[in-house]
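Peer 1: Below are the sequence and a predicted model; questions follow.
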Amino acid sequence: MNGLLAVLLTLVGAVGTLTVAIREPVRQTIAAGFLSLVLALLFFALQAPDVALSEIVVGSIAVPGMLLLAIAKIREQEQSADHEPGEADRGGDE
Amino acid sequence: MTRGRSVTALIGLVLLVGGLAWGATGLYGFGHYHASYGRIVAHASVPDRSATNSVVVTAFDYRAFDTLGEEFILFVSVVGVLVLLRRLRGESGRDEENVAEEDRRASESTRWIGLAAAGPLVVVTVYIVVHGQLTPGGGFQGGVILMSAIAFVAVGGESMVLLRLRRTSRWVEMAESAGAAGFAMIGFGGLIAAGVFFQNFLPKGTSGLLTGGVIPLANIAVGLEVGGALLMVIAELFDQRLRGRRL
């Protein structure tokens, strides 16, 4: 194993741990996107450019985008549940 | 009661960790590949198919039947998402107001970066799809890169594009369906021309873009299907968010 792989594997471990450690959903989503970026670099260093291409787009753009849209929708519903208590049956359980 | 559950969990955990550790001891060393399949494919793809990207040759030729199954998994799951999300959609003129308000909130620098990235990304999409059999990439990667181009446009404060995309989604749907059907038709073409489903029945060529027989066609079909599917999903998710705002 050469130095580049050692650095990238360490980075993947560090960013992965960071992603789990962050508890705030929006920041966690951004950290997960960054993890995909580091993973893509690792795949590229391991001579799998096809996988790296898929990982970089799906992991860094598609999945965070969908998660952010979902988080935005949940927050809006929680806000509207605060205004009209009878409309939503659950909300604010955090 | 709680104690019993802890003991059960502990036994399960010990079995899992022990099993993983036992399995890991039997693995080959890091970077030491011993199986023969990869080596055979890597050596066969250039003389056999005139294509240098053996990953794509495997996915779209030697094991195209697997890819057909995966492609229909994506197709069916996108249909499922659309059926769920479109169920309660109400068309209203307030969409434009909401989107325009949304777009005004994008900062000048975000706007420029988003819009400047979109054009080159579309070019990259076409490049990745048509060079699939030669360089890393292919239909799936091209399709997801196309979606990222649209995402950049939306982030750059032009969310109106997603609204229009949803309104004119018939064309996107047609592209997606044509891609899914086209890939299956390539399989049937092999059945008709050579007697075997997904047999590579076109001339393999020698160099340039027209190599690999049916592989470039398969890449274009899968690119259309994946790109169309993801565009529809992102447009529908965006629509959901607008609907949330109207509540």
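Peer 2: Perfect, thanks for sending it. Numbering: from 1, shown residues only, chains lettered A, B, ... in the order given.
Peer 1: So the helix or strand hosting B:Ile145, near chain A or not?
Peer 2: Per DSSP states H and E, B:Ile145 falls inside helix B:139-155. Yes. Counting by CB under 8 Å from any CB of the partner chain, chain A is contacted by helix B:139-155 at B:Phe140, B:Gln141, B:Val144, B:Ile145, B:Met147, B:Ser148, B:Ala151. Yep, even glycine has a C-beta here, placed from its N, CA and C like the rest.
Peer 1: can you give me the helices in chain A?
Peer 2: In chain A, the helices defined using DSSP state H lie at A:3-21, A:25-45, A:49-57, A:63-83.
Peer 1: dump the residue contacts of residue 28.
Peer 2: Unless you meant another one, I'm taking chain A. Going by CB atoms under 8 Å, 6 or more residues apart in numbering or on different chains, A:Gln28 touches A:Thr19, A:Ile22.
Peer 1: Chain B was what I was after
Peer 2: B:His34.
Peer 1: tell me the secondary structure for it?
Peer 2: Three-state call for B:Tyr28 (DSSP: H, G, I helix; E, B strand; the rest coil): coil.
Peer 1: So for it, what pLDDT did the model give?
Peer 2: We have a pLDDT of 82 for B:Tyr28.
Peer 1: What's the separation between it and chain A?
Peer 2: 14 Å (CB to the nearest CB, to the nearest Å).
Peer 1: Which neighbouring elements make contact with the helix holding B:Ile145?
Peer 2: The contact analysis (3 or more CB pairs under 8 Å, 6 or more residues apart in numbering or on different chains; DSSP states H and E) places helix B:139-155 against helix A:49-57, helix B:108-130, helix B:160-167, helix B:215-246.
Peer 1: most tightly surrounded among the ones you listed?
Peer 2: helix B:215-246 (a mean of 23; mean count of other CB atoms under 10 Å in any protein chain shown).
Peer 1: mind checking how far it is from the chain centre?
Peer 2: 10 Å (CA atoms, centre = their mean, to the nearest Å).
Peer 1: same thing with stretch B:109-120?
Peer 2: On CA atoms, centre = their mean, the centre of stretch B:109-120 falls 23 Å from the chain's centre.
Peer 1: got a list of contacts for that stretch?
Peer 2: B:Ala106, B:Ala149, B:Ile150, B:Phe152, B:Val153, B:Ala154, B:Val155, B:Gly156, B:Gly157, B:Glu158.
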